[in-house]
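Q: Sequence and predicted structure are below.
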Amino acid sequence: MKLVVGLGNPGAEYAASRHNVGFAVADELVARHRIATEVRFHGRFGETAGGGIGRFGVLFPHTWMNASGASVRAAVEALGLDPARELIVVCDDLDLPPGRLRLRPRGGSGGHRGLASIGEALGHGEFPRLRFGIGRPPAGSDVVEYVLAAFASGEVAALAPAIRRAADAVECAFSDGVGVAMERYNRAVADTVEEDPAQ
């Protein structure tokens, strides 16, 4: 079994925020594979019955972004997973252009507190992570306010195809391996989200 973890904050207040794009990608996989979820592992969890890309679970930690590690560790331990081979974490990334993807097999947090929490909880950074670009705010803007705000109107139209592409990347990593998915999805494509010039 494999597990994809979408990072975000629980509650309607944050549902459409840039920081919750990991949840959005996980939601796309849940809808695509008709996965029923339940409260489990300090969050919302569900799994497929199998099929073309094999059996996998989807986890939405509800421990808040900065404490995501507690939820992920609970799932990894209960399901008996090897994080290096059977886990993918999806999160937002300020340093990538909006909609750009970057999949890596391991690494540090890069300043992302959700990834930092998971690394601390697992005791290492040996787990794949798919970063979804949200871009940086204009100079002088508050970064926290920016990531917790909803995507701008100029970004919304291209957001859905970018989310679908991120879900495709997760499926590819599960079926063909992280290396193949990196080669296929880390490159820039025309369907990335364009930054709103009004920001």
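A: Received it, and whenever you're ready, just let me know what you need.

Q: Okay, buried residues for stretch 147-158 please.
A: Applying a neighbour-count criterion of 16 or more other Cβ atoms under 10 Å, the buried positions in stretch 147-158 are 147, 148, 149, 151, 152, 155, 158. Any C-beta I mention is one placed from the backbone N, CA and C, and that applies to glycine too.

Q: Looking at those residues, which one is closest to residue 27?
A: residue 151 (14.7 Å; Cβ to Cβ).

Q: which ones are touching the closest one?
A: For residue 151, the contacting residues are 16, 18, 98, 134, 159, 193, taking Cβ atoms under 8 Å, 6 or more residues apart in numbering as the criterion.

Q: Over to it: give its phi and psi.
A: Dihedral angles of residue 151 (phi, psi; degrees, to the nearest 10) stand at phi -60, psi 140.

Q: how about the helices in the protein?
A: 21-32, 68-79, 83-86, 113-122, 143-148, 153-176, 178-185 (DSSP state H).

Q: Reformat those helices as JSON lines; add mean pLDDT and distance to residue 57.
A: Formatted as JSON lines, the entries for those read as follows, by pLDDT from 0 to 100; distance: least, Cβ to Cβ, whole Å:
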{"stretch": "helix 21-32", "mean pLDDT": "97", "distance to residue 57": "10"}
{"stretch": "helix 68-79", "mean pLDDT": "98", "distance to residue 57": "7"}
{"stretch": "helix 83-86", "mean pLDDT": "97", "distance to residue 57": "10"}
{"stretch": "helix 113-122", "mean pLDDT": "97", "distance to residue 57": "16"}
{"stretch": "helix 143-148", "mean pLDDT": "92", "distance to residue 57": "26"}
{"stretch": "helix 153-176", "mean pLDDT": "92", "distance to residue 57": "11"}
{"stretch": "helix 178-185", "mean pLDDT": "97", "distance to residue 57": "17"}
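
Q: CSV please, covering these and showing distance to residue 102.
A: CSV is the format used below for the helices of the chain (distance: least, Cβ to Cβ, whole Å):
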stretch, distance to residue 102
helix 21-32, 13
helix 68-79, 19
helix 83-86, 18
helix 113-122, 12
helix 143-148, 17
helix 153-176, 10
helix 178-185, 9
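
Q: For residue 94, which of these is the nearest?
A: Evaluated with Cβ to Cβ, these place helix 143-148 nearest to residue 94, the distance being 7.1 Å.
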